[in-house]
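1. turn this into a model:
(chains A and B)
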Amino acid sequence: MNISEKLIKIAENEQRVYDTGKAEGIEQGKQAEYDAFWNAFQVNGTRTTYTSAFANSYWSGDAYNPKYPITPTSNNGAMQIFAWNTAIEDIKVPVTIYDDVSNLFTYNYKLKRIPKLIIAPKGLTKMSGAFDYCNELEELNVEGTINIGGINLQWSTKLSKASIESVINALSTTTSGLSVTFSKTAKATAFTDDEWATLIATKPNWTINLV
Amino acid sequence: MKTRKIIYADEGKILTNGEIYGRQIFLAESANEFDFYEITEDSYNAILEVQHQEP
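-> Residues are numbered from 1 along each chain as shown, chains lettered A, B, ... in the order given. Coordinates of the predicted model:
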């Protein structure tokens, strides 16, 4: 390699080192910005009130990217955390709910995935409209016990078998006179008649509606 | 052995007891099928419109 070739090689290596460093720096900068914002917004994971925090269309699908689970401990009226948000597709983090969760995900047209919805031990008092018009919902994983009626998933025609099972498994075994509603299409897609009969036989105290 | 009563709405109709609605209803042990009656789908859609008011 002559001197000219060596100089070209050095320049190329410098550029590579620069480009690599620049890329790493940008990623580190992005991470620092991300951490700074979400640490502040979610109070380092200790934020207590999330009422309407991500409601309406102020949060786009890209902007919504929480760092911590959503764990409210202070609630004024209905939580409505994601009410009327027509952009978010994936909730991404566990969400803990209790008391009045009316309109929790109402009109979330694009929402596909609720990875974990945790019902706190103190239970629910109201859930009307929580999943109204969640037309694209595919995945819903429920933990805890559903102790009230009024859950209506009729709009979620793509709801997976595991999701329907998750909801039914969460239904209280000690309540009476309550009902839950699913999409008739989702049920037919997911279950054979025998599978369905076996599943709902676990909760004879619940009326189960298909729309 | 236990069985569960199932009630079905006619084509174009929705079953209701005034609170819950369905085309096919798997009744709980404590539920009474005679509490349910049929309404038209148009009536049901009108009820949904009233229930949902965007902010």
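2. which residues does the residue of chain A found nearest chain B contact?
-> Using Cβ to the nearest Cβ, the closest approach of chain A to chain B is made by residue A:209 at 3.2 Å. Where C-beta positions appear, they are placed from N, C-alpha and C, glycine not excepted. By Cβ atoms under 8 Å, 6 or more residues apart in numbering or on different chains, residue A:209 lies in contact with A:154, A:179-182, B:20-22, B:24-26.
3. ditto for residue B:26
-> Per Cβ under 8 Å, 6+ apart, neighbours of residue B:26: A:200, A:207-210, B:4-6.
4. which ones are touching residue A:118?
-> Counted by Cβ under 8 Å, 6+ apart, residue A:118 has contacts A:94-97, A:143-144.
5. hang on, the earlier thing: so the residue of chain A closest to chain B bridges to which residues?
-> For residue A:209, the beta-bridge partners under DSSP bridges are residue A:181, residue B:25.
6. contacts for stretch A:89-99?
-> A:61, A:64-66, A:68-72, A:75, A:79, A:81-82, A:104, A:110-120, A:122-126, A:136.
7. flag every buried residue along it.
-> A:91-92, A:94-99 (16 or more other Cβ atoms under 10 Å in any protein chain shown).
8. dump that stretch to PDB, restricted to CA.
-> Output of stretch A:89-99 as PDB, limited to C-alpha atoms (Å, rounded to 0.1, in the frame of the first residue of the first chain):
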ATOM      1  CA  GLU A  89     -52.400   0.700  18.800                       C
ATOM      2  CA  ASP A  90     -50.500  -0.900  21.700                       C
ATOM      3  CA  ILE A  91     -50.900   0.000  25.400                       C
ATOM      4  CA  LYS A  92     -47.400  -1.500  25.800                       C
ATOM      5  CA  VAL A  93     -47.300  -1.500  29.700                       C
ATOM      6  CA  PRO A  94     -49.400  -3.100  32.400                       C
ATOM      7  CA  VAL A  95     -52.300  -0.900  33.500                       C
ATOM      8  CA  THR A  96     -53.800  -1.300  37.000                       C
ATOM      9  CA  ILE A  97     -57.500  -0.300  37.400                       C
ATOM     10  CA  TYR A  98     -60.000  -0.100  40.100                       C
ATOM     11  CA  ASP A  99     -63.400   1.600  41.000                       C
END
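9. for the helix or strand hosting residue A:11, buried residues please.
-> If you go by DSSP states H and E, residue A:11 is part of helix A:3-41. Applying a neighbour-count criterion of 16+ other Cβ under 10 Å, one finds residue A:38 buried in helix A:3-41.
10. ramachandran coordinates for residue B:35?
-> Torsion angles at residue B:35 (phi, psi; degrees, to the nearest 10) stand at phi -80, psi -10.
11. any idea which residue of chain B lies closest to chain A?
-> The minimum distance from chain B to chain A, using Cβ to the nearest Cβ, falls at residue B:22 (3.2 Å).
12. ok, that residue - contacts?
-> A:181, A:209-211, B:9, B:14-16.
13. mind putting these into CSV with distance to residue A:169?
-> Output for these, formatted as CSV (distance: Cβ to Cβ, whole Å):
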residue, distance to residue A:169
A:181, 17
A:209, 18
A:210, 18
A:211, 21
B:9, 27
B:14, 27
B:15, 25
B:16, 27
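14. for residue A:67, grab the count of nearby residues.
-> Residues near residue A:67, counting by other Cβ atoms under 10 Å in any protein chain shown, number 15.
15. that one and residue A:138: what is the separation?
-> Residue A:67 sits 24 Å away from residue A:138, taking Cβ to Cβ, to the nearest Å as the criterion.
16. on that earlier part again, looking at the contacts of residue B:22, which is nearest residue B:43?
-> The nearest member of these to residue B:43, counting by Cβ to Cβ, is residue B:14 at 7.7 Å.
17. appreciated, that's everything.
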